[in-house]
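Colleague: Turn this into a structure:
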Amino acid sequence: MTLLQNKANSNFKQIVLPKRVYKFGGSSLATAEGYRKVSTIIQQQLQPNDAVVVSASGSTTDHLLKLINKDDYKIDEKLEILQQIRYHHTSLIDVLIHNQSAKKLSERLLRDYQWIKNLITHNISDSQEKEIIAYGELWSAQILCHYLESLNCCTSWIDARQFLKVRMDKKQIGIDSIASKKYLNELIKARQNRINIITGFIASDAEGQTVLLGRNGSDYSASLVANLTGASEIKFWTDVNGIYDFDPNLSKQTTTIDEICLPALETLTKLGSPTLHPKTLSPLKSELKNNKVIQNTSFPGRANILENAHSEKASNSKIKLSIGSTFHPSEAGTTINLHQAKQNYSIITHKNNLLAVNLSFSDEISAKKVIRRLTMTLESSFEFNLIIKVDHQQYTIFLNQSSDYLKAQLQAEIKRYESNIFTLKTSQYKCSLIAIVNNSEDYNFYHIQFLQDFLASKQHSANQKKSYTDVQQLGNACFSIIDRSVIDTLAKSCFESWKRFTQEAAIFLIGSGNVGKTWVAQWERSSLNTRSNLVLSANSKKVDLLRNGKAFQQQKNTTIFINRLLKHSPFKNKVVIDATSSEEIANNYTNFINTGTHIISANKITSSADTKCFSQVTNAAEKNNVLWLTNATVGAGLPVNNCIQDLIQCGDEITEIRGVFSGTLSWILQCYDGNKSFSELVKDAQEKGYSEPDPRVDLSGQDVARKLLILARHANIEVDFHDIDLTPVIKQAVQSSSLEEFWQAASQFDRDFDNKWQQANNQNKRLVYQAKWSKSGAFSCELIAVKKCDPLAQLTPCDNVFVIHSLLYKNNPLVIQGPGAGREVTAAAIQSDLIKVLSVV
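Modeller: Reported below is the predicted structural model:
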């Protein structure tokens, strides 16, 4: 909505504070076209009483700094630079503004030019230096304000020194939030129904003297304005679309990060990425910490800024924070979450041209004392610096090679202590840094191992000595120091390798027993291992984290650990294979799915759970757009599930399903001929791996009932386990209290079973354990005698058979028969489901 000038309603009873604070950086205001784009954003997105904080136009601040440089520039050079500054701003006025304001602005600019020119030809005091540097923001605020006025947008501009107050505390400065809030409210009250254009970067002390807030100071100013006014949104507008997963100047495969958490942003900046400084956002945290240093070694001799101990609590911890592009305002940009981002992300960042300074101390106490002071000196800066502890007596400090001021500061501190009573030895070398930043500090196992393996592979292929440090962790990142100054090519290769690694399907195998091991062997022999990675293998006791088929980390197996690992792992396409019979794992399917993970299950528990639990998992899968495949739960991979679903999708209606659903019972009943006792065949099945370790699970019929339940649900029949009329193969399977008691009753159930077999055999029939569902709603699982011509009787031991009646297959049912048990076919069913998952990721 365009904001038209409207000064009629100047009488108001209550002050209206900004709801939104927009900050535009120097790159956004570097040209006349940039000013036009900024103005369009303001007109379309902001409302009266909102606030805009601006930086100096383009590289104006850098040029102004040259004017006060006492060593590197001669007076003639400074005058030439000043003339360039004047020409730049005069050109902006001439191009943008075509009313009386243009003349007034040009005259104001000329007066400022003459004043600065007079100062730089003489000795300049510290306070005058600050005033000169402050002009960049003053000019950009006035030009933007008058340009918006010329577009009939009701605006005014505010010199932040009128309200942003600080007070001295030794060599540091504290933000006086109480006074600042009072003065800002008074200024806004006098400017109601206008958009206020506020200068960034500058403040004032109790005497009205100019105070500079350091590099990125305008970002900090915007955060302070938002905090002081209780704004609900703050957006930092730059020349890029947000925070990228890699340097977009080096790769065309980069994408913007939709949302980043503050801890990751802080880590990213510590590692030298040119994003918002974490201290920029300190006013917006839920509670301002006492004595937090904010600045100011960017300008030699200036005082450091720290949060005042009496600062008020921020009332806007739920404030919406984001970064957007002035030149692509329709792009979503990056949202900054003060806590935890909703989605996973990984950022490859690198820093060239670093200087590493090694400090070796004679004792640990001395080391701690010196490092504490160095940390305060260096971290008060908005410039890159990184202190790494090598051991108790050795540290390494990393700076930009071009950071002359920080190098001087560090050298002064070192010189101070080298002459002390203890020994301090120093050495230095040029290097670079590469890192992977993610949204978790605790679950970055794969990030660390990948970076270690990548660097090792590059070193090996080059046949060189090791030229990198072991990968270390810092906050939400893992990083390594490389023994050369420029690593753009290496960083790009790392990003591309990481992209491939994280985009391939990552398989988390839970259950590394018979079926799990067999599936791994099948997967390794197939082409699927070139399209997916096995990244985890777990049994009931431990979890192995895998990289290239080898375990690099071992953890105790808990569902809590697996859930968190799935949540924070870097993989875009995650697949859990549940090759267990664990109820605890089955109960976590919804949690797995909510991390965006596909599930392939050989575990029947959830598929045959009560309707509420079953629906919860299916609904979660649909909501998260992931697959939950259960081909291995019935028929060991026979295409019965797919067949039923295909018939229904074609408009057919299932009227009856019956069959032998247990490969174990199929083998036992087909092999029984009266020569060998029933219990001996059960033990043989157990030894061959056909049955469960506890054969009562098979003989109870519960496994068959679960499969019947699963098939019915595939046919869209609502049914629960208690709806099935279940009769065990032998009553002792459910009556015995222990496995030992079960085997003690073997002679009894052997006689009972043999009597049933003899009776069926005398009638020329065969015993089968039949599962059946009919359209009438009857569900049953029981041992019955069928004619030998029945499909259920004509089985090879271990086979399953499924007889499906439907409207299309009424008189001649559809019969599906084949192996129904065994690790090989069950593993193959898992493999089949994996193919389906890979086809959609």
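Colleague: At which residues are the strands of the stretch 351-500 of the chain located?
Modeller: Ranges of strands in the stretch 351-500 of the chain, per DSSP state E, counting those that start in this stretch, are 385-391, 394-400, 424-438, 472-474, 477-482.
Colleague: do the same with the stretch 201-350 of the chain
Modeller: 202-204, 210-212, 233-238, 259-261, 293-295, 304-307, 320-325, 334-337, 346-361.
Colleague: Quick check: mean pLDDT of the fifth one?
Modeller: Strand 293-295 shows an average pLDDT of 32 in the prediction.
Colleague: Point out the most buried one among the strands of the stretch 351-500 of the chain.
Modeller: strand 477-482 (a mean of 23; mean count of other Cβ atoms under 10 Å). For every residue, glycine as well, the C-beta is placed using N, CA and C.
Colleague: That one - contacts with which helices or strands?
Modeller: Secondary-structure packing of strand 477-482 (3 or more Cβ pairs under 8 Å, 6 or more residues apart in numbering; DSSP states H and E): helix 262-270, strand 424-438, helix 445-462, strand 472-474.
Colleague: Check the strands of the stretch 201-350 of the chain for me: which has the lowest mean pLDDT.
Modeller: For those, where the average pLDDT is lowest is strand 293-295, sitting at a mean of 32.
Colleague: Between the strands of the stretch 201-350 of the chain, which one is closest to N118.
Modeller: strand 210-212 (17.5 Å; Cβ to Cβ).
Colleague: what sits against the spatially most central residue of the chain?
Modeller: With distances taken as Cα atoms, centre = their mean, N344 lies nearest the centre of the chain, 2.0 Å away. By Cβ atoms under 8 Å, 6 or more residues apart in numbering, the contact list for N344 reads 438-439, 567-570.
Colleague: residue ranges of the helices in the stretch 701-841 of the chain, please?
Modeller: 702-714, 732-735, 739-744, 746-762, 823-840 (DSSP state H, counting those that start in this stretch).
Colleague: my guess is A621 meets I593, correct?
Modeller: Yes. Counting by Cβ atoms under 8 Å, I593 is a contact partner of A621 at 5.4 Å.
Colleague: Residues in contact with both of those two, list them for me.
Modeller: 599, 628.
Colleague: out of those two, which sits in the busier spot?
Modeller: I593 (26 against 21; other Cβ atoms under 10 Å).
Colleague: Leaving out chain neighbours, which residue sits closest to the more buried one?
Modeller: In this structure, I593 finds its nearest non-sequential neighbour in A620, 4.5 Å apart by Cβ to Cβ, 6 or more residues apart in numbering.
Colleague: That neighbour: neighbouring residues, count only.
Modeller: Around A620 there are 18 residues (other Cβ under 10 Å).
Colleague: so what's it up against?
Modeller: 589-590, 593-594.
Colleague: Which single one of those is nearest to V486?
Modeller: N594 (43.1 Å).
Colleague: what residues go with each domain of this protein?
Modeller: What automatic domain parsing lists as the domains of the chain is 20-337, 346-490, 504-635+830-840, 639-819.
Colleague: Name the stretch from those that approaches E496 most closely.
Modeller: domain 20-337 (6.9 Å).
Colleague: and that closest one, how far from the chain's centre?
Modeller: 30 Å (Cα atoms, centre = their mean, to the nearest Å).
Colleague: if I pick Q449, what's in contact with it?
Modeller: 545, 547, 552-553.
Colleague: now those residues: which count as buried?
Modeller: 545, 547 (16 or more other Cβ atoms under 10 Å).
Colleague: now the strands of the stretch 351-500 of the chain as CSV including mean pLDDT and distance to L374?
Modeller: As requested, those are exported to CSV (pLDDT from 0 to 100; distance: least, Cβ to Cβ, whole Å):
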stretch, mean pLDDT, distance to L374
strand 385-391, 86, 7
strand 394-400, 88, 7
strand 424-438, 87, 11
strand 472-474, 92, 17
strand 477-482, 94, 18
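Colleague: related to what we said a few turns ago, columns distance to W498 on top of the domains of the chain, output as TSV?
Modeller: Compiled in TSV, these are given as follows (distance: least, Cβ to Cβ, whole Å):
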stretch	distance to W498
domain 20-337	9
domain 346-490	6
domain 504-635+830-840	8
domain 639-819	36
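Colleague: Just the closest of the contacts of N344 to S666, please.
Modeller: Comparing these against S666 with Cβ to Cβ places S569 closest, at 40.4 Å.
Colleague: Could you check how many residues crowd around the residue lying closest to the closest one once chain neighbours are set aside?
Modeller: With Cβ to Cβ, 6+ apart as the criterion, S569 has its nearest non-adjacent residue at 6.1 Å, and that residue is Y446. Under the neighbour criterion other Cβ under 10 Å, Y446 is assigned a count of 28.
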